[in-house]
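Trainee: what would the 3D arrangement of this be:
(3 chains)
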Amino acid sequence: MSITDLLREGFQRHGDSPTVKHYTDWGVFKDVFEKLANGELGLERKILVEASGGVRIEGRGEISLYEQNSNLSKYHMILSNEAIVAGFHGGKGFINVKPVAEAGVNIGNLIARIDSPGTLVLKVVNNVSNGLLLLGLNINVADNVEASIIVDMEEAPGSASSINFRVGTGRGSISNLVFLVSPGRMMRMEGLIKPGDNSLVLARLTGVLNEDSRIDAVVDGLIDGLNTTLNLYSTLYLSKHSTGSVRGRGTISSKASDARLVYGFESILEEEAVAYMQPFLEVNSNRVLEARHYARNYLVTVDKLFYLATRGLSFSEAKNIVLTGLLTSLMPGELRSYCYSEIKRRMRSLPED
Amino acid sequence: MKALELDEQIYIEGVSYPKEVELRGRISKGLVEEISRLKNEPEWMTRHRLRALEYFEKAPMPKWLTGIWSIDLDEISSYYIKPAHPKAEKWEDLPEEIRRIYEKLNLPETYAKYLAGLTTVLDSESVYTTMKDLLKDLGVIMVSMEEAVQKYPDIVKQYFGRVFPYTDHKFAALHHALWSGGVFVYVPRNVRIPYPVEAFFFIGSELEGQFEHTIVVTDENSEITFIEGCSAPRLKTFSFHDGMVELYAHQGSRLNFVTVQNWSRDIVNFNNKRGIAERNAIIEWIEGSIGSKITITYPSTILKGEYAKTNSTVVGIANGPFIKDTGSKIVHAAPYTSSRVVSKSISAKRGINIYRGMVQVNKGAKGAKSFVQCESLILDKDSKSYTYPIIHAFENDADIAHEATTARISEDQLFYLKSRGLSERESLSLMILGFIRDVFPRLPFEYVSMLTKVIQLEFSEMGGVG
Amino acid sequence: MLEVKDLVVEVSERRVVNGVSFKVDAGELAVIMGPNGSGKSSLAYAIMGHPQYKVVSGSVIIDGVDYTSRPTHERALAGLFLGFQNPVEIPGVNLYMLLRSVLNKKMGRTDISEYVEGLEKRVRNEAILIGLKEELLERDLNMGFSGGEKKRSEILQARVIRPKYIILDEPDSGLDVDGVRSVADYIKEALYAGSSVILITHYPRVVEYVSPSKVYVMYRGRFVAEGGLELIDKINREGYRWLEAVGVESAGT
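Mentor: Predicted structure coming up:
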């Protein structure tokens, strides 16, 4: 199959209703792939990966993509399924990922194997201005390992990307996973988190959207075994004219027992911003310890700001502290301080009310 | 393995269903014209039916319905041509479970016979006829839909198909083409009906149809609580139901619409329910769904005027390999509107409960508040609960929240109750009643006591019907 | 000195303060009493400059400077503080974050989230002194705090910030004997250190431990009585019924 063939199929899956079009600006993808098929845009089948600290590049592998939510994975597969394999061996590790070219379709895949406890920061910077970044990501945490992982994706305002991920954790592991995102023109994220038996995964999606930026994140979770916990929380700060869609299907299969599943989505909207939230929960048996979900729109009210102002903070400082607090809540200590300073920097670049 | 989503097709875990609802046979134009002729309908209604039929044939199958059932249109056509034999003619013909339940419910014989469909008319000396006279004195119009089309065409035209047009989806179109029976209720300005109207007893036969169409309109500052259905188990002559309810609450009025359904377990019960609330008006939906093989119902409200409110309480019980696909859809289209949804569901013995809800706050609906709370109780390891909330926030100055929990009854809780002398079954039904208690304050007393008994029987040795 | 002059305040077009005047000097304790709905909290909110409380006329003067049209945070930085009756919940922000930001501001730092040396230790000590469980310090502000814990958290903040003019709105309601004692102790300390305290309450148990220099009784938006401890005794004995008679003459809109 070629890109041209795929373009005829579109991006939405068979069975999707027309409403889904509103979540993702498929036009951006269509435009780029058409140009790629016509030879108007180049194709780079690699990405720049720099590793330091407790991370070593260990060779090549094949990425495993999550194929449930759109046809983007088909495009991704045709173009490249070759992945760089990075091993994290404990302590503090850093991986920097950058596209090779500033224009064209840049595609690359990374498999991160975490086999010892520690903190791993994976920073992805997308500055492709006329094209796309397609990134495949597999994160595997080994049995009995406790690790904190942050995937920090920062995009330039005119950039667009498609990120496909799979996270799998081993027996008895404890994983704290944070996706910190600053989308550009259009960021489409789709993936699956599948914790292993007796493991705990705390997953957090935190997004700061600039004016006119857009994100469509689809995060599915599957609990299939014994005594497994998956908590997925999402908080998006949506500036003027931005669009944030967070959807996800959390499933507890009938084979699971003693499962805990929480899906909590929250959006903070400025004027003219639009939020879509769909935390779906599927519970297939009653051998469940906890299964709940929530979705809400967070209002920064005058009363909250007044309270903080009576302590000496101006309204805009108060708002900032509330927003940054919300965006970094529900994260363990080390990740929280990283996110706090990153978010402060990104919020500072946002225009004042 | 995936499952149902409002915008997608799916399988239900472990069982694969065909992708789409299967439609066999067809409905002919001639049949629709004949239906209209037999009812002596004015031309505008005949044309309406035919346009709806055209749309039905063109419209695609709704993607959000799984192919878990099939519809035989030829069978439906023949239902119209010749009325089906009533399922029972004498008390002794009734299935034993139904007879036993009626006996346990201690219903007066006349009511039991009425419920069982053995008679279509209630004793003329009943308390309901007095109520009927009172309504007439108040100026309330409550007649069969067919009669309303003849007698009050101007009012009917203002509302019929305006709240829920046939273009909404394929089954709405099918309904509009084939509708028959149903009630038209109009409450005049400033009239507050002081007691709930248990329509089932007033005008029950009209509500028995397969495609019944009910419209309730409350004019400015008026008030009505309309109850359709009844919690006692019922047999039906059809296997596919596609009914519609359109509500319109004018400024300052209050419309409560209560449906309790406990149909035999071979029926596919498809509902189209929607209301529009104007400024300061309140529409309240209360839905209790116990029977049927599959029930699909999403009472929806459009909050059109400032300060309009809607509450929706939905209780779904799937006790056995049945599906309850319920939910609500609310659109906040004006400032300071508020909505509150409470959904309680119980799945047992391979039952599946699905909640689909959508809350949309349109741009400009400043100060809108919405709170949705779903609780599901899964009683055993073979039963399931799926919750699909969808929130669309297009206005930043709104307070929207959806919360849902799925729980099970713990051994500890059962043990505690058993230690007080209750049997396992009694403990279970006590906890279940406690779980769905929220619905009760809205319902009239005898309703609650019958509903309580029905639920107790449901979860005791009796089990369901059909 | 904190001075309130002929203050008239409206909220949602309803007059809630109808011509109130008073002064407090360094080291003074003023007690404002009155039945529910008399406008005591509204007065506090107006002095702090809540955006929804419109000052129709009159002024709020802090140390000789007119702050009537200045925003809330400037009044706080000038030394004003309000211990709320019902502190609002603020998810995302905890006590450490809040206090760090405020202290940084007072020190004139541009980055108010910068680490403040010794703050953590100080906050923990204050928490012990005031009887606030340590785990609450990390929790989102006031979320899941009991009524008493919320009050203690307000006092803790005041102890760390050390304001000059401290308004406490019903700080003793919902507290046990020990709690009331610690509020009283805090007031005594603050007064001794030169701050002023305005205590708003309708049944002052705290007064058993500290003596006010002035007692005001507020009713229907006005101060209808002024005096000393004897006023408090009268209220303890007779409640507020006698206000009806006084109120009729001076009732506002």
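Trainee: now do the helices in the chain.
Mentor: Just so you know, I chose chain A. Under the criterion DSSP state H, helices of chain A are mapped to A:3-9, A:26-38, A:72-79, A:302-309, A:315-327, A:333-348.
Trainee: not what I meant, chain C
Mentor: C:40-48, C:72-77, C:95-106, C:119-130, C:147-161, C:177-192, C:229-238, C:243-250.
Trainee: residues of chain C that sit close to chain A?
Mentor: Residues of chain C found near chain A (Cβ under 8 Å from any Cβ of the partner chain) are C:45, C:48-52, C:71-73, C:76-77, C:80-82, C:84, C:87-88, C:90-94, C:97-98, C:101-102, C:105-106, C:112-113, C:140, C:157, C:161. The C-beta positions use only the backbone N, C-alpha and C, and glycine is treated the same way.
Trainee: among those residues, the buried ones, what's the ChimeraX command?
Mentor: To isolate in ChimeraX the members of the residues of chain C next to chain A that are buried, counting by 16 or more other Cβ atoms under 10 Å in any protein chain shown, one can use:
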select /C:45,48,49,50,72,73,76,77,80,81,82,84,87,90,91,92,93,94,97,98,101,102,105,112,113,140,157,161
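Trainee: what residues sit buried inside stretch C:58-75?
Mentor: Going by neighbour count (16+ other Cβ under 10 Å), the buried part of stretch C:58-75 is C:G58, C:V60, C:I62, C:Y67, C:T68, C:T72, C:H73, C:E74, C:R75.
Trainee: which residues touch the first one?
Mentor: Translated: C:G58. C:V4, C:K5, C:D6, C:L7, C:V8, C:V9, C:G19, C:V20, C:S21, C:T68 (Cβ atoms under 8 Å, 6 or more residues apart in numbering or on different chains).
Trainee: kindly report the same for the second one.
Mentor: By Cβ under 8 Å, 6+ apart, C:V60 lies in contact with C:L2, C:E3, C:V4, C:K5, C:L7, C:A46, C:I47, C:G49, C:D66, C:Y67, C:T68, C:R75.
Trainee: what bits of the stretch 151-253 of chain C have low per-residue confidence?
Mentor: Residue ranges of the stretch 151-253 of chain C with pLDDT under 70: C:246-253.
Trainee: surely A:R188 meets A:S70?
Mentor: Yes: if you go by Cβ atoms under 8 Å, A:R188 and A:S70 touch, sitting 7.4 Å apart.
Trainee: what do those two both touch?
Mentor: By Cβ under 8 Å, 6+ apart, A:R188 and A:S70 have these common neighbours: A:T24.
Trainee: how about the nearest residue to B:H392, chain neighbours excluded?
Mentor: B:Q360 (4.2 Å; Cβ to Cβ, 6 or more residues apart in numbering or on different chains).
Trainee: strands paired with the helix or strand where that neighbour lies, and their directions?
Mentor: For B:Q360, the host element (DSSP states H and E) is strand B:352-361. Applying DSSP bridges, strand B:352-361 is found paired with strand B:323-332 (parallel), strand B:384-393 (parallel).
Trainee: tell me where chain B has helices.
Mentor: B:29-38, B:43-58, B:73-81, B:96-105, B:109-116, B:127-138, B:145-151, B:153-159, B:170-178, B:199-203, B:411-418, B:424-435, B:445-458.
Trainee: contacts for the first one next, please.
Mentor: When you say that, I think you mean helix B:29-38. With Cβ under 8 Å, 6+ apart as the criterion, helix B:29-38 contacts B:M45, B:T46, B:R49, B:L50, B:L53, B:S77, B:Y80, B:I81, B:A177, B:L178, B:S180.
Trainee: among these, find the lowest-pLDDT one for me.
Mentor: Comparing pLDDT over the contacts of helix B:29-38, the lowest score belongs to B:I81 (60).
Trainee: with adjacent residues omitted, what lies nearest to the residue of the stretch 51-200 of chain C found nearest chain A?
Mentor: Residue nearest to chain A within the stretch 51-200 of chain C (Cβ to the nearest Cβ): C:G92, separated by 3.0 Å. Spatially, and ignoring its direct neighbours in sequence, C:G92 is nearest to A:G325 (3.0 Å; Cβ to Cβ, 6+ apart).
Trainee: quick check, that neighbour in contact with C:V93.
Mentor: Yes: counting by Cβ under 8 Å, C:V93 is a contact partner of A:G325 at 4.2 Å.
Trainee: touching both of those two, which residues are there?
Mentor: Joint contacts of A:G325 and C:V93 (Cβ under 8 Å, 6+ apart) are C:D140.
Trainee: what about residue 37, neighbour count?
Mentor: No chain specified, so I'll use chain A. 15 (other Cβ atoms under 10 Å in any protein chain shown).
Trainee: oops, wrong one, chain B.
Mentor: Around B:R37 there are 10 residues (other Cβ under 10 Å).
Trainee: ok, C:L119 next?
Mentor: 15.
Trainee: what's near enough to touch it?
Mentor: By Cβ under 8 Å, 6+ apart, the contact list for C:L119 reads C:Y96, C:L99, C:R100, C:L103, C:V160.
Trainee: ok, now with 7 Å
Mentor: By Cβ atoms under 7 Å, 6 or more residues apart in numbering or on different chains, C:L119 lies in contact with C:L99, C:R100, C:L103.
Trainee: thinking again about what came up before, let me know which of the helices of chain C is tucked in deepest.
Mentor: Across those, averaging neighbours per residue (mean count of other Cβ atoms under 10 Å in any protein chain shown) puts helix C:40-48 on top, at a mean of 24.
Trainee: helices or strands up against that one?
Mentor: Under the contact definition 3 or more Cβ pairs under 7 Å, 6 or more residues apart in numbering or on different chains; DSSP states H and E, helix C:40-48 sits against strand C:2-11, strand C:14-24, strand C:53-62, strand C:80-83, strand C:165-169, strand C:196-200.
Trainee: get me the contact residues on the stretch 201-350 of chain A for chain C.
Mentor: A:302-304, A:306-314, A:317, A:321-322, A:325-326, A:329, A:344 (Cβ under 7 Å from any Cβ of the partner chain).
Trainee: picking that back up, ok, so of the contacts of C:V60, who is nearest chain B?
Mentor: Proximity of those to chain B (Cβ to the nearest Cβ) peaks at C:G49, which lies at 22.6 Å.
Trainee: the closest one and C:V88: what is the separation?
Mentor: To C:V88, C:G49 is 16 Å away according to Cβ to Cβ, to the nearest Å.
Trainee: give me the neighbour count for B:K90.
Mentor: By other Cβ under 10 Å, 9 other residues sit near B:K90.
Trainee: name all residues that make contact with B:S345.
Mentor: B:G316, B:K324, B:N353, B:Y355, B:S376, B:S385.
Trainee: may I have the beta-bridge partners of the third one?
Mentor: The residues listed as beta-bridge partners of B:N353 by DSSP bridges are B:K324, B:S385.
Trainee: what's the local residue count around it?
Mentor: Using other Cβ under 10 Å: B:N353 sits among 30 other residues.
Trainee: same thing with the last one?
Mentor: Counted with other Cβ under 10 Å, the neighbours of B:S385 add up to 32.
Trainee: and the fifth one, by the same measure?
Mentor: By the other Cβ under 10 Å criterion, the neighbourhood of B:S376 contains 28 residues.
Trainee: repeat that for the first one.
Mentor: Neighbouring residues of B:G316 were enumerated by other Cβ under 10 Å; the total is 29.
Trainee: so where's chain A shaky on pLDDT?
Mentor: Scanning chain A for pLDDT under 70 picks out the ranges A:14-21, A:351-353.
Trainee: pairing partners for the spatially most central residue of it in the sheet, please.
Mentor: Nearest to the geometric centre of chain A sits A:F179, at 4.8 Å (Cα atoms, centre = their mean). Listed beta-bridge partners, A:F179: A:V151, A:L205 (assigned using DSSP bridges).
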